[in-house]
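Asks: Structure for this input, please:
(2 chains)
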2 protein chains.
Amino acid sequence: MQGAIISIGDELTLGQTVDTNSAYLSQQLVKRGIFPRYHVTVPDDRGQIARAITHAAQTVPVVLVTGGLGPTEDDLTREALADAMGVDLILDEASLQHISSFFARRNRPMPERNRTQAMHPRGAEAIPNSNGTAPGIKAKLHDTTIYVTPGVPRELYVMFEKTIGPELDKLAGERAILTTTLHTFGQGESDLAARLGHLMQRNRNPTVGTTVSNGYVSVRIRSDFPRKLAENELNQAVHAVKSALGAICFGRDDQTLPGAVVGLLVEKKLTMATAESCTGGLLGAMVTDVPGSSVVYVGGWVTYSNQMKASQLGVPPEVIEAHGAVSVETARAMAVSARERSGADAAVSITGIAGPDGGTAEKPVGTVYVGLALRDRARVFLLRLGGDRETIRDRAAKSALQLLRLLLMGEKTTGVTWAEEQ
Amino acid sequence: MQGAIISIGDELTLGQTVDTNSAYLSQQLVKRGIFPRYHVTVPDDRGQIARAITHAAQTVPVVLVTGGLGPTEDDLTREALADAMGVDLILDEASLQHISSFFARRNRPMPERNRTQAMHPRGAEAIPNSNGTAPGIKAKLHDTTIYVTPGVPRELYVMFEKTIGPELDKLAGERAILTTTLHTFGQGESDLAARLGHLMQRNRNPTVGTTVSNGYVSVRIRSDFPRKLAENELNQAVHAVKSALGAICFGRDDQTLPGAVVGLLVEKKLTMATAESCTGGLLGAMVTDVPGSSVVYVGGWVTYSNQMKASQLGVPPEVIEAHGAVSVETARAMAVSARERSGADAAVSITGIAGPDGGTAEKPVGTVYVGLALRDRARVFLLRLGGDRETIRDRAAKSALQLLRLLLMGEKTTGVTWAEEQ
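Replies: You can find the predicted model right below:
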C-alpha cells in the first residue's frame, strides 16, 4: 500500500521554515507498512492545494495533508479540500464547542475568526485536537482516505497518536518495516561504529546505522520483514547492539538522558541538587523537564557571578581568588557546598567558559569542570568541548548528567571520551 | 518567474532524514525573485524521478533537483534526467579527471563505480564540485533550465555559491521578492490578526502573514516588486506592521526575546536575578543563552522543593504554609527575596503547576505566578497556560521575560492576553 504527504504553507515554499512534519508523517506510514510514494509542498494557494489533493487522491489510497488550518485568511486548506471534493463547507457544532471551551478555559472570549476552524467540507469528519483550537479533518475522495492535520508539530503529533495512527493500523499492509533507536552520549560516531563492527554492514537486515543529533549519537535499527517476523528480528538486533554499546547507552526511542538519571535516582531513593555557572540553569531545566522529577530534585543555585558563588552558595572567596571561577577547586567547592546546603544526597556543579569571549591560552573556550558530590565523596571532571556557545552549554549539561548516571550505576567513567577525572 | 524544487532519496520519503535542502534552495530562489511554486520529494525510483522532472519542466522555467548523484546502485537521477530528455548518457572526460584526482589526493584508488559519476545526459553540462566527487548537471528541457546537485548539503551549498547562484542572478527576473519576519510574544494568532486588520488582506503587496512557533507568533512580510521598489515597499510595510503590533513585538529576523531583554538591561544599566520553581532553571538558561549576558545577569535560585524556597531563598515558611507554594504571596516573596539577597536591580520569580500531576480544581495544571521585583516595587501576574508540561514551562519562562521587558520599557502589560496582574 502507498501513501502521499502534502505540506502546505508559504513559509515552507519560501524556505523560511524547514518542513519536519513530512519526515514524521513518513515514519508513521512506514512503520505501518504504507510506503510514502512522494511528498509535495505547496504554498497557501487555494487552487494549488486543491490540485495537489486531487492528484494525490487519484494516485494513492492514503493521503496525509498538514498545515493551513489556522484561523487567518491565509489558511485555505479547508476551502481547498472542499473544492477538491466538490462540496461546500459546513459548521461542525462539536468542534465549535471545543474551540469555545479552549478559550473559555483561558478566560478569553473566542475571536470571531476562530469560528472558521469549526468548518469542514460536507461529508467529512472532524478529528479532535487536544493541544490547540484547530480540529483535523478526515475525508473520502474517490476511494482515497484523506487526513488533514494542523501544521503545528505538537498538535499534529497528538492527533496522530490518538486518532489517525490507530485508524491507519487497520489499513496496514503485509510487509512491516519496524524501526527503533538506541541513544548514547559520551563517544563519537566513529568510536561507536568501531564498537558496532559487523552489525553495521550494509547488506544486513535488520540494518544498523548511526545518526548524530544534539550531541547524542543514536543507533537506528530497521527491520524489514513480513509482519510476523519483523518484531522478533528487531528485538534480536536490539539485544546485539545494546551489548556492543555498553553503559553509554542510556535509552531507547522516547527515553531521554535526564529521564534515565531521574529514573535511577528514584530507583535508588536518592535526591540531587545543582550548582550551575556557565550553563545558567540549563542542567536544572533538563532535570525538571522530566515529569515527576520533584521526587528526586530539590533545586539549586545559578551562580553566574562570582559574588553569587560566594555569598549565596558559600564557595570560599579565597578559592575563587586563588584558582579562578573556572577551576577544579571551584567546581569541587560548588558541588560540596550545594550538597551540604540543600541536604540532597548528590550535587552536580558546572563551571566553565562557554564563549564566545572569556577564553585564555590556558583555559580556552570550551573548558568546563563538572563537580559531582555523592554522599561523602566529591570528584571533578574536566571537559574540553568544541562548538559555539549554545553547543558548549548543552554538552556540558548533558555530560554532567551522563557522568552522574555512570557514577550512580557504579560504572567506569573512562569510556566517556571527552571527560578526564581531575 | 517561478521555480520548482525536486528532492530525491528513499531516506527522505521514508522519513529517516528531514529535508533541509529544499528550504535552502527556496531561499536561494526567493532572494533572486524566482518564486518556488512547489517542492516535491520522490524516492530513488527512476520512473518517478523522470516523471517529476518532466512535470516540473512543463510547469516552470527553472527546476532545481537535488540528490541521487552518488556512485551506488540506488542513485538514479542521471539516468532519470536522460529519460526525461529522451537522450543517452555520455562520459564527461573532465569530470572523470576530477573524480580520479579527488581519490588520488587521498592516496586511494578510484573505485570503478565512481566512474558513473562522470556520466551525464548528452547535451547537458557538468557543474564542478569542489567538496566531493559528484559533479552537478545543467540541462535544458523545452525552455526550462534544470540544475541537478548532490544531496550532501556542503556539496550543494558550494556548488550553488560558486556556479548556480551567479547563473541564476542573470536569469533573475525584473522582480525581487524580499522577506522579513517580526516576532511577538503575548497574544494569540487571531488577536494579532485583528490588530493587523487590512494589512493581512490576501490581495495586498507586500503580503503579511502570521506563523506560530514555540509560542511566538511571527509576522512574515513579503515584498514582491520590481527590483528597485522591493526594498522600499518592504520597509514601509515593516513600519506599518510594527505600529500595529505595538510593544509585544520584540524583534526582527534573528533577534530573540531573551536577547531583547538582555539588550534592554544593558541599555538601562540594570542587573537581574531569577528565582525559579516549576521552570527549574529554564529562565536562567534562556537569559544566559545570550552571549554577554553576564554583564546583566548575576544568577539565581532553583527552589524546586519548599524546603529550598525557605532555607536558601528565604521565603517565610508561614507564607508557603498559609497560601501554598503556587500563590501570589509565594511568587512575591520569591522575587523580593531574590532581589534583596542577590543585590540585583530586578528579580523575576516563577512558581506554578507544570503538570502532568499536581493540579487541583482551584489551581489547575497551567496555573503559574510570575513575580517581578524592580527596585522598590513588586508585582505578581497570574498566567493560565495550556498544553503539556514542556509547553507550560517554556511559555512561563517566555512570559516572565516579556513581562519584565514591558515593565522595563514602561509599557502596559494589559496587552498580554494570558497575564492578569494580581
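
Asks: Enumerate the residues of the stretch 251-400 of chain A near chain B.
Replies: Taking Cβ under 8 Å from any Cβ of the partner chain as the criterion, the stretch 251-400 of chain A approaches chain B at residues A:273-274, A:276, A:278-285, A:287-289, A:291-294, A:297-305, A:307-308, A:311-312, A:341-343, A:355-357, A:389-390, A:393. From N, CA and C alone the C-beta is placed, and that goes for glycine too.

Asks: Provide a ChimeraX selection command restricted to the buried entries of these.
Replies: To isolate the buried ones among these in ChimeraX, judged by 16 or more other Cβ atoms under 10 Å in any protein chain shown, type:
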select /A:273,274,276,278,279,280,281,282,283,284,285,287,288,289,291,293,294,297,298,299,300,301,302,303,304,305,308,311,312,341,342,355,389,393
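
Asks: and the closest residue to residue A:329 other than its chain neighbours, what pLDDT?
Replies: Distances taken as Cβ to Cβ, 6 or more residues apart in numbering or on different chains place residue A:323 nearest to residue A:329, at 4.3 Å, with adjacent residues excluded. We note a pLDDT of 97 for residue A:323 in this prediction.

Asks: Over to residue A:173?
Replies: With respect to pLDDT, residue A:173 scores 68.

Asks: re the thing from before, among the residues of the stretch 251-400 of chain A next to chain B, which are in helices?
Replies: Under the assignment DSSP state H, these contribute A:282-285, A:287-288, A:307-308, A:341-342, A:389-390, A:393 to helices.

Asks: thinking again about what came up before, look up how far residue B:104 lies from the residue nearest to residue A:329.
Replies: For residue A:323, the distance to residue B:104 equals 52 Å [Cβ to Cβ, to the nearest Å].

Asks: out of these two, which sits in the more crowded spot?
Replies: A direct count of neighbours by other Cβ atoms under 10 Å in any protein chain shown for residue A:323 and residue B:104 places residue A:323 higher, at 15 against 11.

Asks: so what's the residue found closest to residue A:307 once you drop the neighbours it is linked to in the chain up against?
Replies: Closest residue to residue A:307 apart from its sequence neighbours, by Cβ to Cβ, 6+ apart: residue B:298 at 6.9 Å. Listed by Cβ atoms under 8 Å, 6 or more residues apart in numbering or on different chains, the contact set of residue B:298 reads A:304, A:305, A:307, A:308, B:271, B:272, B:273, B:342, B:343, B:344.

Asks: what about 10 Å?
Replies: Residue B:298 makes contact with A:302-308, A:311-312, B:271-274, B:338, B:342-345, B:347, according to Cβ atoms under 10 Å, 6 or more residues apart in numbering or on different chains.

Asks: Distance check, it against residue B:340.
Replies: Taking Cβ to Cβ, one finds residue B:298 at 12 Å from residue B:340.

Asks: Overlap in contacts, these two.
Replies: B:273, B:347.

Asks: you'd agree residue A:360 is up against residue A:367?
Replies: Yes: under the criterion of Cβ atoms under 10 Å, residue A:360 makes contact with residue A:367 at 8.8 Å.

Asks: of these two, who's got more company?
Replies: Higher neighbour count among residue A:360 and residue A:367: residue A:367, with 23 against 11, using other Cβ under 10 Å.

Asks: right, and that one touches residue A:381 too?
Replies: No: between residue A:367 and residue A:381 there is no contact under Cβ under 10 Å: 11.8 Å.

Asks: buried sites along stretch A:259-270?
Replies: Across stretch A:259-270, burial judged by 16+ other Cβ under 10 Å covers A:259, A:260, A:261, A:262, A:263, A:264, A:265.

Asks: List the ones among these that fall in helices.
Replies: Per DSSP H, the buried residues of stretch A:259-270 map to helices at A:259, A:260, A:261, A:262, A:263, A:264, A:265.

Asks: Would you reformat those as CSV and include pLDDT?
Replies: Formatted as CSV, these follow (pLDDT from 0 to 100):
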residue, pLDDT
A:259, 98
A:260, 98
A:261, 98
A:262, 98
A:263, 97
A:264, 97
A:265, 98
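
Asks: all strands of the stretch 101-250 of chain A, in order?
Replies: A:119-121, A:125-127, A:136-141, A:144-149, A:175-184, A:207-213, A:216-226, A:249-252 (DSSP state E, counting those that start in this stretch).

Asks: Now render those strands as TSV, adding mean neighbour count and distance to residue B:134.
Replies: Formatted as TSV, those follow (neighbours: other Cβ atoms under 10 Å in any protein chain shown; distance: least, Cβ to Cβ, whole Å):
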stretch	mean neighbour count	distance to residue B:134
strand A:119-121	23	45
strand A:125-127	19	43
strand A:136-141	21	40
strand A:144-149	24	36
strand A:175-184	20	28
strand A:207-213	15	21
strand A:216-226	20	25
strand A:249-252	20	35
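
Asks: looking at these, which has the lowest confidence?
Replies: strand A:207-213 (a mean of 81).

Asks: Could you list every helix and strand in contact with that one?
Replies: When contacts are defined as 3 or more Cβ pairs under 10 Å, 6 or more residues apart in numbering or on different chains; DSSP states H and E, strand A:207-213 packs onto strand A:175-184, helix A:189-196, strand A:216-226, helix A:227-245.

Asks: Cool, thanks, signing off.
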